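Asks: got a sequence here, can you model it:
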Amino acid sequence: MKNNLKIVLIAVLSSVATLAAYKMLGFEEKAVVLNESSYVGSSDSAAKLVNFANLPSAAPGDFTYAAGTSAPAVVHIKATSVRAVRQQRLPSIFEDFFGFDDQYFGQPRNQQQQSSGSGVIISEDGYIVTNNHVVEGADELEVATYDKRSYTAEVVGVDPSTDLAVIRIKEKNLPHLSFANSDDVKVGEWVLAVGNPFNLESTVTAGIVSAIGRDISILARSYQERLQREGVQGDSPIESFIQTDAAVNPGNSGGALVNLRGELIGINTAIASPNGAYAGYAFAVPSGIVKKVTTDLIKFGNVQRGYLGIQPVELNSKNVAEYKTKVSEGIYVNVVTEDGAANAAGIEPGDVIKEIDGIETKSEPKFREMIGRKRPGEKLKVVVDRDGKEKTFNVTLRNREGGKSIIKKPEANSAMAKMGVKVKDLSNSEKESLGVRNGVQVEKIFPAGTIARDTDIREGFIITRVGSVRVDSEKDFTEAIEAAVNNNEDGILICGVYENMSRNFCYGLTL
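Replies: Purely as a prediction, here's the structure:
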């Protein structure tokens, strides 16, 4: 009996101590309802704890409305590409000795490669937004809808600077998602990620918004590599991701991030993980950027990027003293370009941009997002701090070339663009030095082109003829390629020599 009393006394004292600690730490007034089923009480009492304004049929912890609305508008995309893979070759020393050449040895064989991702239907007539990396390099795109119908899709346009792409299937009356205003997204807000991870059909996961305006430098690296491969100029990438802890895995790329109203707030694009699998950090392109990019791609075929014409620097605790600003947050205007929009509006070096169109710009990613959502010729209201005084400027954005007009999509020579090669004319003295009577020299080979993919042509190669056509200028080379394409020839033979090598090389290339 005494032992029982001791046990009861110890239990009571433990409970009192726990309760006292609980109150001292201030836990008693911070109840959080994560799941409706875990709360015991009336529905009225539960409703007082969490306020879900304007959410149709959405009780606390209930995601069925958002899932039911969004899942039918998310598709599975299968991308198929055919790549030429060369068979085992002899080392070049034996190749030179025995005189083997690409016409007879090491011919490429086609190998089919497949990848998959997700996409979101954004119109009833079949326009779908996805990630550029889902469709990049694909020769064929197959789209499977929620109700298991299958379609062949065509690419409408891509924007590697935001990793977005628009594709289209031929169908009507499709379920589709509407865009939410991503400026209204708040940290801590419930969201759903909808996609097709690991080729699983229509998977929905839940989480919260962990951060907004996140820059993880993933697009900058891949985009710069692409520009170098293709030898072209492009807009700087925009990274202002919505970060979420909703489970996102391979195959979710291009899928939807939606709020509890089932509205699209972002396109799932990347994860941060030590092993390639979900680790609690997923990133989505905000709907404000998605809506702008998709509209441009559908309307113009390319993205119309507006430019402010400044060199921005995000203020932080380290550089505020250096720049001697009166405010500690915002975008410091380090340089103003002479022919830019900011200079024309009156913005000066040393100004600190605090707001754009009523939205605070405390970080460089958010600043770039706000500018990137506008086209050349569109106006912005920019609020700056100048020596402690607030000033407002109405700025008309300009294009990359300094004008205000829309830049049309360049009509690239499709045949030459696919070749992925840059050649240069040879002077008479260069021909004499190289020991050739005619030819053009390969100056640059871009990895994305068919020459790099299907042949072993190296930079420095002197092209003397294409098929039976003698080549003595860049114009000759281009016209010979165009003629072969226009004549519906299956392939061409590119012949020439290398410096300090006497024999002739010919390379077969499929058109």
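Asks: quick one: residues contacting the nearest residue to residue 285 once chain neighbours are set aside.
Replies: Spatial nearest neighbour of residue 285, chain neighbours left out: residue 267 (4.7 Å); criterion: CB to CB, 6 or more residues apart in numbering. For the C-beta atoms, the positions are set from N, CA and C on the backbone; glycine is no exception. The contact partners of residue 267, by CB atoms under 8 Å, 6 or more residues apart in numbering, come to 120, 129-131, 164, 254-257, 284-285, 287, 290.
Asks: check which residues of stretch 372-386 are buried.
Replies: Using 16 or more other CB atoms under 10 Å as the test for burial, stretch 372-386 gives 372, 373, 374, 375, 376, 377, 380, 382, 383, 384, 385.
Asks: show the backbone phi and psi for the first one.
Replies: Phi and psi for residue 372, reported as degrees, to the nearest 10, are phi -70, psi -10.
Asks: equivalent analysis for the fifth one, please.
Replies: Backbone torsions for residue 376, taken as degrees, to the nearest 10, come to phi -60, psi 140.
Asks: separation between it and residue 306?
Replies: Noted for residue 376: a distance of 5 Å to residue 306, by CB to CB, to the nearest Å.
Asks: who touches both of the two?
Replies: 397, 398, 399.
Asks: what's the closest of the residues you listed to residue 462?
Replies: residue 399 (39.4 Å; CB to CB).
Asks: which residue packs closest to that closest one, ignoring adjacent ones?
Replies: Leaving aside its sequence neighbours, residue 399 sits nearest to residue 376 (CB to CB, 6+ apart; 3.8 Å).
Asks: returning to what we had before: would you format the contacts of residue 267 as CSV with pLDDT included?
Replies: Compiled in CSV, these are given as follows (pLDDT from 0 to 100):
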residue, pLDDT
120, 98
129, 98
130, 98
131, 96
164, 96
254, 96
255, 96
256, 97
257, 98
284, 96
285, 96
287, 96
290, 97
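Asks: go through those and say which is closest to residue 408.
Replies: Closest to residue 408, out of all of these and judged by CB to CB, is residue 164, at 19.8 Å.
Asks: bridged to the closest one, which residues?
Replies: residue 131, residue 159 (DSSP bridges).
Asks: do the one 4 residues further on as well
Replies: Counting by DSSP bridges, residue 168 forms beta bridges with residue 127, residue 154.
Asks: where's it relative to residue 150, distance?
Replies: The spacing between residue 168 and residue 150, counted by CB to CB, is 15 Å.
Asks: who touches residue 262 in this structure?
Replies: Applying CB under 8 Å, 6+ apart to residue 262 gives the contacts 65, 66, 67, 68, 69, 70, 177.
Asks: revised request: answer the last question for residue 471.
Replies: Contacts here follow CB under 8 Å, 6+ apart; on that basis residue 471 touches 438, 439, 440, 463, 464, 465, 477, 480.
Asks: what's the residue nearest to the third one when sequence neighbours are not counted in contact with, if anything?
Replies: On the basis of CB to CB, 6+ apart, the spatially nearest residue to residue 440 that is not a chain neighbour turns out to be residue 423, at 4.3 Å. For residue 423, the residues meeting the contact criterion (CB under 8 Å, 6+ apart) are 440, 441, 442, 443, 463, 474, 477.
Asks: what's the end-to-end length of stretch 442-457?
Replies: End-to-end distance for stretch 442-457: 9 Å, by CA to CA, to the nearest Å.
Asks: oh sorry, the question was meant for stretch 368-382
Replies: 13 Å.
Asks: quick one: that stretch to chain centroid distance?
Replies: 19 Å (CA atoms, centre = their mean, to the nearest Å).
Asks: which residues sit against that stretch?
Replies: Contact partners of stretch 368-382, identified using CB under 8 Å, 6+ apart, comprise 162, 213, 236, 238-240, 286, 288-289, 292, 296, 304-308, 312, 342, 345, 347, 353, 355-359, 361, 392-399, 403-407.
Asks: ok, now with 7 Å
Replies: 238, 240, 286, 288-289, 292, 304-306, 308, 347, 353, 356-357, 359, 361, 392-399, 403-406 (CB atoms under 7 Å, 6 or more residues apart in numbering).
Asks: can you tell me the SS state at residue 321?
Replies: Look at residue 321: counting by DSSP: H, G, I helix; E, B strand; the rest coil, its state is helix.
Asks: got a pLDDT number for it?
Replies: What the model reports for residue 321 is a pLDDT of 90.
Asks: in three-state terms, label residue 254 for me.
Replies: Residue 254 ends up coil, using three-state DSSP.
Asks: relative to residue 336, how far out is it?
Replies: Distance of residue 254 to residue 336, given as CB to CB: 38 Å.
Asks: when these two are compared, which one has more neighbours?
Replies: Neighbour tally, residue 254 and residue 336, criterion other CB atoms under 10 Å: the higher count belongs to residue 254, 32 against 21.
Asks: low-confidence stretches in the stretch 351-500 of the chain?
Replies: 409-415, 448 (pLDDT under 70).
Asks: just to revisit the earlier point, which of the contacts of residue 423 lies closest to residue 452?
Replies: For these, the nearest to residue 452 is residue 442 (10.9 Å; CB to CB).
Asks: count of neighbours near the closest one?
Replies: Residue 442 has 22 neighbours, counted by other CB under 10 Å.
Asks: which SSE is it in?
Replies: Using DSSP states H and E, residue 442 sits within strand 440-445.
Asks: tell me the strands beside that strand, with direction?
Replies: strand 421-425 (antiparallel), strand 462-466 (antiparallel).
Asks: buried set for that strand?
Replies: 440, 441, 442, 445.
Asks: chain center to that strand, what's the gap?
Replies: Distance, stretch centre to chain centre, for strand 440-445: 31 Å (CA atoms, centre = their mean).
Asks: and stretch 206-216, by the same measure?
Replies: Distance, centroid of stretch 206-216 to centroid of chain: 16 Å (CA atoms, centre = their mean).
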